[in-house]
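Trainee: okay, structure incoming, though there's no sequence with it:
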C-alpha cells in the first residue's frame, strides 16, 4: 500500500513538472501583448442587470490566422472588471471563446462560454470573425446603486493551442485528476498574462437610465 502511494505520488509530481514545462514553452512562444482595441460599445441596463454590447478590433494577427488555417484550436479570453471610483475591485466577469477549424471539411466551430453558451458552425470565416468580435448583451453586474460612479475595464487575449499541446496536456491531466483540457488550460495558463486593461466607460446607473429615456423620447 505504501509502495503504491509512493508510485502515485511520484507520477503526480512528475506530471506537475511536465505541465510546468509545457506551459513555460507555450508562454515563451507567444508574441508580445496584443493591442486589441474597441471599435464601438454600448452600456445599458436591462431589468436590474448592467449589460454591454461591444465590437472588438482585429482579433486575428497573421500568426493567429496561420495557426487557425493549419487546424490549431484558438482560444479568445475576455475579462471585464467593474470598479467604483475609489479603485477597489467590485466585480470580474470572464467570457471564453473557443475556435476550431476542420481543415478537411473546411468548416469552423466557435463556442462562446459566459453566463450562457452558444455555438456557431460556418464555412464563412467572415461570419466567424463577426461572431467572435461582436458581442451583445454581455452581463456585467446586477443591482448596482443608482448614483455611484463606476468605471468598466476590459482585457482581451487570443492564443492558438496546437493539437500536440492538447494531446500531451490531456494525457498528463489524466494522470493527475482526469479533468478537462479546456479547464486545465484556462486555470493553469493565465490567459491574461501580459495584457493591459482598457478603459471602456465611466458612468453611473442613473446616467444610463437617463440616456435611455432621452433616446426613447
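Mentor: That came in fine, so what should we check first? Here the structure is a predicted model, which is why all the values come from computation and not from measurement.

Trainee: what about the helices in this structure?
Mentor: Secondary structure of the chain by DSSP state H: the helices cover 2-29, 62-69, 125-133, 163-176, 181-188, 205-216.

Trainee: counting contacts, what elements does the third one pack onto?
Mentor: It stands for helix 125-133. With contacts defined as 3 or more CB pairs under 8 Å, 6 or more residues apart in numbering; DSSP states H and E, the packing partners of helix 125-133 are strand 49-56, strand 91-102, strand 107-113, strand 117-122. For the C-beta atoms, the positions are set from N, CA and C on the backbone; glycine is no exception.

Trainee: need the ones you listed in TSV (columns: mean pLDDT and distance to residue 82).
Mentor: What follows is the helices and strands packed on helix 125-133, written out as TSV (pLDDT from 0 to 100; distance: least, CB to CB, whole Å):
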stretch	mean pLDDT	distance to residue 82
strand 49-56	95	8
strand 91-102	87	5
strand 107-113	93	20
strand 117-122	93	22
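
Trainee: pretty sure residue 102 contacts residue 109?
Mentor: Yes - counting by CB atoms under 8 Å, residue 109 is a contact partner of residue 102 at 7.4 Å.

Trainee: between these two, which one's more packed in?
Mentor: For residue 102 versus residue 109, neighbours defined as other CB atoms under 10 Å are more numerous around residue 109 (15 against 12).

Trainee: next one: the residue lying closest to that one once chain neighbours are set aside relative to residue 108, how far apart?
Mentor: Spatial nearest neighbour of residue 109, chain neighbours left out: residue 100 (4.7 Å); criterion: CB to CB, 6 or more residues apart in numbering. According to CB to CB, to the nearest Å, residue 100 stands 7 Å off from residue 108.

Trainee: just residue 116 next, same as before
Mentor: Note on residue 116: its distance to residue 108, by CB to CB, is 20 Å.

Trainee: who has more neighbours out of the two?
Mentor: residue 108 (22 against 8).

Trainee: name the residues of stretch 104-124 that are buried.
Mentor: 108, 110, 111, 112, 113, 114, 120 (16 or more other CB atoms under 10 Å).

Trainee: show the end-to-end separation of that stretch, please.
Mentor: 15 Å (CA to CA, to the nearest Å).

Trainee: correct me if wrong: residue 118 contacts residue 112.
Mentor: Yes - using CB under 8 Å, residue 118 makes contact with residue 112 at a distance of 5.5 Å.

Trainee: which residues touch residue 76?
Mentor: Residues counted as contacts of residue 76 (CB atoms under 8 Å, 6 or more residues apart in numbering) are 59, 96, 97, 98, 99, 132, 156, 157, 158.

Trainee: no wait, residue 202
Mentor: Neighbouring residues of residue 202 by CB under 8 Å, 6+ apart: 149, 150, 151.

Trainee: just the buried ones among those, please.
Mentor: For the contacts of residue 202, a burial check counting by 16+ other CB under 10 Å picks out 150, 151.

Trainee: hey, what's the residue found closest to residue 81 once you drop the neighbours it is linked to in the chain bridged with?
Mentor: In space, residue 81 comes closest to residue 153 once its chain neighbours are excluded; the distance is 4.6 Å by CB to CB, 6+ apart. When bridges are called by DSSP bridges, residue 153 pairs up with residue 81, residue 199.
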